[in-house]
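>>> This is the structure alone, sequence omitted:
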């Protein structure tokens, strides 16, 4: 007697196959629409952080200050368009001199679009939205956050580390919050040779808003904000 388990036979109707195929056009539409709307937000900084921070929280107020300084310095500020740190980022930029951009995602909970957006773009697919955070960013500012924030941070680090996008500032804000993770990077990832020594240098830990803006400008002093032809080509394959 053969007791080897078998996968159940597929009972997915052909209609589902057709629906999956048509979904590709929806994905294409999101890419085209977002690229067209965001083409002129240059230069820009993507800001990540928790959706759960209330307006009276110190992280919210700090993010708002950072974003206002970035906006006044000439950077469009891109956030996830929702509440918490995302709202703080958009709010700071909204009252600054440069556009406040929200890349809104449709979720069953947590996400409701904040009102501080000069440019608001909606997505159904996380991966299409994530490409836009990368495609138009000249720096990342990462505030304290949960799984979503960690996901965006690791995505940014991976793309820069592997050369799939140009090297740019990745700035963590909140020494107390991020310190333990960075210690673990050094004592576990680096010591176990899971990453190279230079990979640690991809991250900066800065708490002062003015120093954050200065660090971004300093990075581009020699190269400028315009990507090279080779860098543009690489970004086509994010």
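Arrived safely. Remember, it's a predicted structure, so these values are computed and weren't measured experimentally. Numbers count the residues shown, from 1 in each chain.

>>> centre of the chain versus stretch 168-183, how much separation?
Offset of stretch 168-183 from its chain centre (CA atoms, centre = their mean, to the nearest Å): 15 Å.

>>> just stretch 223-230 next, same as before
Centroid separation for stretch 223-230 versus its chain: 20 Å, with CA atoms, centre = their mean.

>>> same thing with stretch 24-33?
In terms of CA atoms, centre = their mean, the centre of stretch 24-33 is found 19 Å from the chain centre.

>>> all strands for this structure, in order.
For the chain, the strands defined by DSSP state E cover 44-48, 76-79, 100-105, 119-123, 139-142, 170-172, 203-205.

>>> pLDDT (mean, whole number) over stretch 137-156?
Taken as a whole, stretch 137-156 carries a mean pLDDT of 97.

>>> same question, stretch 77-97
Averaged across stretch 77-97, pLDDT comes to 97.

>>> pLDDT below threshold where in the protein?
Applying pLDDT under 70 to the chain picks out residues 1-17, 108-111.

>>> hmm, back to that, in TSV, list the strands of the chain along with distance to residue 184 and mean neighbour count.
C-beta: built from backbone N, CA, C; applies to glycine. As requested, the strands of the chain are exported to TSV (distance: least, CB to CB, whole Å; neighbours: other CB atoms under 10 Å):
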stretch	distance to residue 184	mean neighbour count
strand 44-48	19	28
strand 76-79	27	30
strand 100-105	29	24
strand 119-123	32	18
strand 139-142	16	26
strand 170-172	13	21
strand 203-205	12	17
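
>>> Indicate which one of those is closest to residue 87.
Comparison of the strands of the chain against residue 87 by CB to CB identifies strand 76-79 as nearest, at 7.7 Å.
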